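S.K.: Just need the structure, nothing else, for what follows:
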Amino acid sequence: MGDILGRMEHKNNFRSAGAIVLGMHDALVSLTGLIVGLAVAMADRYVIILTAIIASITASLSMGASNYLATRAGDNDGGHAFKYALYTGGAYMATCAMLIVPFFMFENRVAEIAAMFVIAVAEIFGFNYYLGRTRRQPYMRNFLEMLGVCTGVSIVAFLIGLCANESFGL
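M.R.: Residues are numbered from 1 along each chain as shown. The predicted model follows:
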């Protein structure tokens, strides 16, 4: 009986970590992409801040709700759907809040974006380090993979913002 409960607890911890990764990773990828795209296309940092806050709130609610519905529809773990939804939405919101902070602190676009990326890399590293240590698994591969995806999306967003800036004369 103890072995069964131990496996169930391990499964719940794995799903909790998965819910956090879902929220955190989506926030890192989508918000860094959005901010970089806006930063290139627009000069006003207050528009960037307001847009990032609105996008963060709506996306964290959407991510939490999506995880709730997916968990309820998925398997026998529907009883924990609300908990996983909170983990996903909370991780999304916390990640976004940290990424927006540099835009309150600096008035230089390069400093704002550089600080945002430093925070994003620190978040990615910290989470993967923690997860790797708790699971007793190497973490560097997961860190580099997550960092690569986030960087790739940000580069694409930068190019879209650059094109928008040139095309619309913003």
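S.K.: mind listing what the residue nearest to Met24 when sequence neighbours are not counted touches?
M.R.: Closest residue to Met24 apart from its sequence neighbours, by Cβ to Cβ, 6 or more residues apart in numbering: Ala91 at 4.5 Å. Every residue, glycine included, has its C-beta placed from N, CA and C. Neighbouring residues of Ala91 by Cβ atoms under 8 Å, 6 or more residues apart in numbering: 19-24, 27.
S.K.: Grab the nearest non-local neighbour of the residue positioned nearest the centre of the chain.
M.R.: Compute the mean C-alpha point of the chain, and by Cα atoms, centre = their mean the closest residue is Ala27, 2.4 Å away. Of all residues not flanking Ala27 in the chain, Thr95 sits nearest, at 3.8 Å (Cβ to Cβ, 6+ apart).
S.K.: In contact with the one you found, which residues?
M.R.: If you count contacts by Cβ under 8 Å, 6+ apart, Thr95 has them with 23-24, 27-28, 31, 123.
S.K.: Which of the residues you listed fall in strands?
M.R.: Among those, no member is found in strands (DSSP state E).
S.K.: In ChimeraX, select just the buried ones from those.
M.R.: This is how ChimeraX selects the buried members of those, with burial counted by 16 or more other Cβ atoms under 10 Å:
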select :23,24,27,28,31,123
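S.K.: possible to save the contacts of Thr95 as JSON lines with distance to Tyr129?
M.R.: Below are these laid out as JSON lines (distance: Cβ to Cβ, whole Å):
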{"residue": "Gly23", "distance to Tyr129": "18"}
{"residue": "Met24", "distance to Tyr129": "13"}
{"residue": "Ala27", "distance to Tyr129": "18"}
{"residue": "Leu28", "distance to Tyr129": "15"}
{"residue": "Leu31", "distance to Tyr129": "21"}
{"residue": "Glu123", "distance to Tyr129": "11"}
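S.K.: Let me know the next secondary structure element after the helix or strand of the chain with the lowest mean pLDDT.
M.R.: Least confident helix or strand of the chain, by mean pLDDT, DSSP states H and E, is helix 2-41 with a mean of 71. Going down the chain from helix 2-41, the next helix or strand is helix 45-74, by DSSP states H and E.
S.K.: What is that following helix packed up against?
M.R.: In terms of contacts (3 or more Cβ pairs under 8 Å, 6 or more residues apart in numbering; DSSP states H and E), helix 45-74 is packed against helix 2-41, helix 81-105.
S.K.: what angle sits between the last one and helix 45-74?
M.R.: So the one you mean is helix 81-105. 170 degrees (axes from the mean of the first three to the mean of the last three Cα atoms, to 10 degrees).
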